[in-house]
Each structure stands twice: as C-alpha cells, then as structure tokens.
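Trainee: Pasting a predicted model and its sequence here:
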Number of protein chains: 2
Amino acid sequence: MSAEPRREQLLNAADRVIQRDGPGASMNAIAAEAGITKPILYRHFGDRTGLIRALTDRHTTGLLAAVRAALNEPLERRDRVEHVLDVYLAGIESRPQVYRLLTHPEHGDPTGAGQALAPALRQIAEEITRAVQAQVDLGPDAPLLAETWGRAITGMVLAAGDWWLDQRPCPRARMVQALADLLWGRLAAAAPLPGALG
Amino acid sequence: MSAEPRREQLLNAADRVIQRDGPGASMNAIAAEAGITKPILYRHFGDRTGLIRALTDRHTTGLLAAVRAALNEPLERRDRVEHVLDVYLAGIESRPQVYRLLTHPEHGDPTGAGQALAPALRQIAEEITRAVQAQVDLGPDAPLLAETWGRAITGMVLAAGDWWLDQRPCPRARMVQALADLLWGRLAAAAPLPGALG
DNA sequence: CATGGGGTGTTACCCCCGGTAACATGCGGG
DNA sequence: CCCGCATGTTACCGGGGGTAACACCCCATG
C-alpha cells in the first residue's frame, strides 16, 4: 500500500477517535483504533501536532471555503453577514467534535502567546479582514480597522457559538439575529432603561 | 506556620514560576521554586487545577472589580463602553503573564466542551450580561440578547486583545476606538467601496 | 521526664503521556 | 539465493500529574 492512501486511512482512524474521545485523544488510542502501534503514526506525521494539523487541514478546508463563499455572496450587506454567521454556526453544529478540534489552540507554545485563536480560526479572521478591506470604505484607518475587526468578529462568534453549542438556548436563526444585531449597533442604539445610566 | 500564610507564600512561588515559564509550568517546578516538594502542594490545593484556580482567583479579583466598576461608571454610554474596553486592555497590558493565565482555558475536560472562555472570562461575560440587562431596554428578547452579547463581547475583546498584545499594531486608545466603533455599527453603516458588493 | 499525636516534610513509587531506538518480518529485483 | 526496503513490532526514555508510606519536630498531657 503506497503512502498517500495509507495516510488517509490513518487520518480516518484518528478522526473516529477524536469524534469519540475529544481533541485530547492520545496517540496510543489513535494507533489502536487504526489497528497499529505508535511508531507508524510518528513515521507518517512526525509528531502529534503534525497529525493534528493534517487532521484540521482536512476539515478546515470545507468550513473555510464555505465561509469565504458566504463572505462574497451577492446580497445586501446585512443579509450577507447573517449568511456568514449562519454558515459558521451550521458548520459547528453539524460536527461538534470537529469544531472542538478546529478551535482547540495548539498547546505547544508554553508561553501561551497569541493562543486565543486556533490556526483554523486565524484563517477565518484573515478571510474576514480581506472581505472588509475589499468591500467597505473605512477611510485612512481601513487596514487597522479591518485587521482588528477580523479578529474581533472571529472571537465574538467563537465565544458566542461555543456557548450556543453547549447550552442550545435558542434556534440557530435567532442566534444569527442576535449576533448580527450586535454588529449593527443595536446595543449602542437601544433606549436606556428607566432609572439606569445613559 | 499556620495554614493561611503558608498558602499565600506557596501561591507567591507559583506566581513567580508562571511569570517565568508561562501557564504550562509543572508542579515540580513550582514546588522547587517554593523550596519544597510536590506532596505539600497537593496537600494544600488538592490537584493542579485547584492551584491554578487559587492563583487565578487572586488575580481575577482585581481585573473583575475594575471591569465591574467601569461598567457602572456614570458616563455617556459610548464613553462608558470605551472606558470598560480601556480598563480591560490596560489590565492585560500591565501584566501579560497574568493575562495568559486568566485566559488559559482549563485543559482538564477532555471533550473540550465550553472551553472557549476561561472561567475568569466567563465571570466577565456574566458581568457584561448583568450590566446590559440592568441598563438597556431590549424588549422581550432581552435575556437572550444580554446573555449572547455578554459572551460575544467578551470573546471579541479576548481575541482582539490577544492579537493587540502580541503585535502591538497601535496605541491602546486607538484599539479602544476600533472596538467601540465595531460595537457602534460602523461596519454596518460604512459606505460600500466602488465596484464592491453592497 | 516520658509519651503520643498532629502537622510538615521527605523519598519512592504508580500510570500515562509523547517520542524513539532497535529489532523482526514479508516481499520484490539483481 | 540474497539483498534491500518498507512495514510492523517490542521495549524503552524522560517527564508529567498524583499518591502512599515513612521521618521528624514540637507541644500538650500523664
């Protein structure tokens, strides 16, 4: 059996284990699921992060492509943003364990620098940044704003989506509305409650 | 030496090690820094997460109190939000390693459920939720919106703040402006670029 | 003065992790 | 026939979190 298909079936085994045991699954467990032993995994993927990266790459492609496509859908801006949010939430809803894997920051760096967003999410953040820069006129501050907002929106959807996936407080469509409303300044524009601060 | 002061000096030692080695510091290293051995740490804190929790609790108090105070400052709403953002960013700027510790999600849960926000940040999210519910009139959807937005805003500031701390792309005040602008719907309201989508 | 707790500390160990070295086995081509 | 190569194995290393069992010291009590 040549190298490529072998890699594929090892990745399939790793996938099953991670679906079952979560992103912390051990190399032993993955090897056992594949019916082999550890050194073979290491021959194919170098080390654990290599395996995880190969695995996330496979899954990232779909979600990232879907988000990118949604970002360029020819819709009214509000509808487009809602569409992007919906695509993201639908993606994480359909395969929760994959989502856990994608959003798991690599715990390789002991200092923890720049770990808030996992690599897959960093790609989404860049995609948002690009879309904002390409579509919206923000004046001279555009580059800084677009980069900041790319990260900010990604983190916002990550945190909200994580909570939503865990608690299921409402249907997906309402979550999309709630997040789009926030981006549309509904918090800023809402009337103050009587007796409250301005 | 009685129990309380002893705990304090053990926590101080743990603090030094984590400032030096990051949040992944081992129990052995912490014990060595304290001039003792592991079992004593375990007698005082039960297990690793107990130690980490005790440590984060100490540091969380300050930041959380500062954010809570900022959330109730008698200012115009926009100024208040900017103030909150500034307080948070100033906090993470002044003690980066502490911030890394606070935002490090506990890697105890192997499924990774609900891990996007570390406990300290979850408290901040609840604080925001409370403030929104107390100050803003959002109609019948208020509870859901407030909870969603609490998480969303926390995640947004986490991701953006992490990136800012790592790259330092601009002074703090500008970062505050960029984030407040996003919450004020500047992305939604901005003019489209010529030839771009709506 | 002896004695016996209880807290503080130690050594030495357990199991599991990621990762690797060294050895077995099967198989195609000179 | 025998070599070389890939595929697989067992057995190990260092280090992680966590614990059991033992040593010590101080102090109250008879």
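Mentor: It's in. Numbers count the residues shown, from 1 in each chain, chains lettered A, B, ... in the order given.
Trainee: Chain neighbours aside, what residue packs nearest to A:Trp163?
Mentor: Once flanking residues are discounted, A:Trp163 sits nearest to B:Arg151: 4.7 Å by C-beta to C-beta, 6 or more residues apart in numbering or on different chains. Every C-beta, even on glycine, is put in place using the N, C-alpha and C of the backbone.
Trainee: so what's the closest residue to A:Leu193 other than its chain neighbours up against?
Mentor: Of all residues not flanking A:Leu193 in the chain, B:Asp137 sits nearest, at 5.0 Å (C-beta to C-beta, 6+ apart). Going by C-beta atoms under 8 Å, 6 or more residues apart in numbering or on different chains, B:Asp137 touches A:Ala190, A:Ala191, A:Pro192, A:Leu193.
Trainee: ok, now A:Val132?
Mentor: A:Leu138, A:Leu145, A:Ala146, A:Trp149, A:Gly150, B:Leu187.
Trainee: Only the buried residues of the helix or strand where it lies, if you could.
Mentor: Using DSSP states H and E, A:Val132 sits within helix A:119-135. Buried residues in helix A:119-135, counting neighbours by 16 or more other C-beta atoms under 10 Å in any protein chain shown, are found at A:120-125, A:127-129, A:131-133, A:135.
Trainee: which parts of chain A sit against DNA strand C?
Mentor: Applying C-beta under 7 Å from any atom of the strand, one finds that chain A approaches DNA strand C through A:Ser26, A:Met27, A:Asn28, A:Ala29, A:Lys38, A:Pro39, A:Tyr42, A:Asp47, A:Arg48, A:Thr49.
Trainee: Now A:Asp141. Nearest residue, chain neighbours left out?
Mentor: Nearest to A:Asp141 is B:Ala178, by C-beta to C-beta, 6+ apart, at 7.7 Å.
Trainee: Just the buried subset of the contacts of B:Asp137, please.
Mentor: A:Ala190.
Trainee: For chain A, which segments count as helices?
Mentor: In chain A, the helices defined using DSSP state H lie at A:3-21, A:27-33, A:38-45, A:48-71, A:77-94, A:96-103, A:119-135, A:142-167, A:172-183, A:186-189.
Trainee: Turn these into TSV, columns for distance to B:Leu75 and mean pLDDT.
Mentor: Output for those, formatted as TSV (distance: least, C-beta to C-beta, whole Å; pLDDT from 0 to 100):
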stretch	distance to B:Leu75	mean pLDDT
helix A:3-21	47	87
helix A:27-33	54	95
helix A:38-45	54	94
helix A:48-71	36	93
helix A:77-94	29	96
helix A:96-103	35	81
helix A:119-135	29	95
helix A:142-167	22	97
helix A:172-183	21	98
helix A:186-189	14	97
